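A.B. asks: What follows is a predicted structure for the sequence shown.
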Amino acid sequence: MSHGRITASTTVAAVIGSPVRHSLSPVLQAAAFAQLDLDWTMVALEVGLGEGAAAVAAMRTLGLGGMAVTMPLKAEVALAVDELDPAAAALRSVNTVVRGADGRIRGMSTDGDGFVDSLLAAAVDPAGMAVLVLGAGGAARSIVDALGRRGAASVTVVNRSGAAAVEAAALSPVAVAAPSTDVVPVVDRVDLVVNTTPVGMGVDPSSGDAADHLPLPTEALRARHVVADIVYHPLRTPLLATAERAGATTVDGLGMLVHQAARQCEAWTGQRPDPALMRAAAEAELAARHR
């Protein structure tokens, strides 16, 4: 193997989206490829809205080993592939593209299952739990779908736009939408709270205005709750800091990113990397960026 040295035989994967230069995917996958002793590398390619189908076609032409897909291309790539896995078909969204031995291009969604994997890695199994999901965007939709498939007892989706909440809840038979004005009563009756909104991103939880960057009134949080945030900058968001003070179990947002990437690597290579090594690489990169 090349062990980091790119040669004519190196298999290239790509992450596409716009903007994409900030993506942690190349760092995560480099750690995975090294751990598995694979002669692979990943590059980040800026691909704008409307160019997703062309990127899928280029994957065939260039012989890319796999593609990771970020915003704003997930929906249009879903329309361009030859086939979709069940999660991607339900979501009409693709974050992973796999080129099969037969040349067919398959679209997958690893985000929701990656989130569930991050919970399981923290010794939290959502099966049988009542869950509150804050937000109704693409990440929320994938999480609602995955929680339902994992066996959550119920999922309540709360979002400022009620129509979006209804649409997200429709992805699972155990999910319902609730008005944003009812969030505190919902917190009272759930086991797991999941923040999929960007509220708290980039906010130091020790700053004086941290209390202004919370996605819900937190007086309802109790020690019995599990609180997960998919924001990973900072790793300890104002929500997680507040939950910790209440004695709750917390799960940070980097876990979802790591575990969905581990699933991507396995889909492309047939080998499952160690998420712990991938997380260590991501933490080191984040620390370097924010010094």
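C.D. replies: Perfect, I can see it now.

A.B. asks: Is it correct that residue 137 is in contact with residue 198?
C.D. replies: No. With contact defined as C-beta atoms under 8 Å, residue 137 and residue 198 do not form a contacting pair (9.0 Å). (C-beta placed from N, C-alpha, C; glycine too.)

A.B. asks: which residues touch residue 251?
C.D. replies: Contact analysis of residue 251 by C-beta atoms under 8 Å, 6 or more residues apart in numbering lists 118-119, 122, 124, 226-229.

A.B. asks: Swap in 6 Å and give it another go.
C.D. replies: Neighbour list for residue 251: 122, 228 [criterion: C-beta atoms under 6 Å, 6 or more residues apart in numbering].

A.B. asks: repeat for residue 196
C.D. replies: Taking C-beta under 6 Å, 6+ apart, one finds 135, 139-140, 230 in contact with residue 196.

A.B. asks: Quick check: helices, which of those are part of them?
C.D. replies: 139-140 (DSSP state H).

A.B. asks: ok, of the contacts of residue 196, which one's closest to residue 97?
C.D. replies: residue 139 (18.6 Å; C-beta to C-beta).

A.B. asks: Could you measure from the closest one over to residue 81?
C.D. replies: 20 Å (C-beta to C-beta, to the nearest Å).

A.B. asks: Name the residue in those two with the higher neighbour count.
C.D. replies: residue 81 (24 against 21; other C-beta atoms under 10 Å).

A.B. asks: I figured residue 65 was touching residue 13, is that so?
C.D. replies: Yes. Judged on C-beta atoms under 6 Å, residue 65 makes contact with residue 13 at a distance of 4.9 Å.

A.B. asks: Residue 70: how many residues sit nearby?
C.D. replies: Residues near residue 70, counting by other C-beta under 10 Å: 18.
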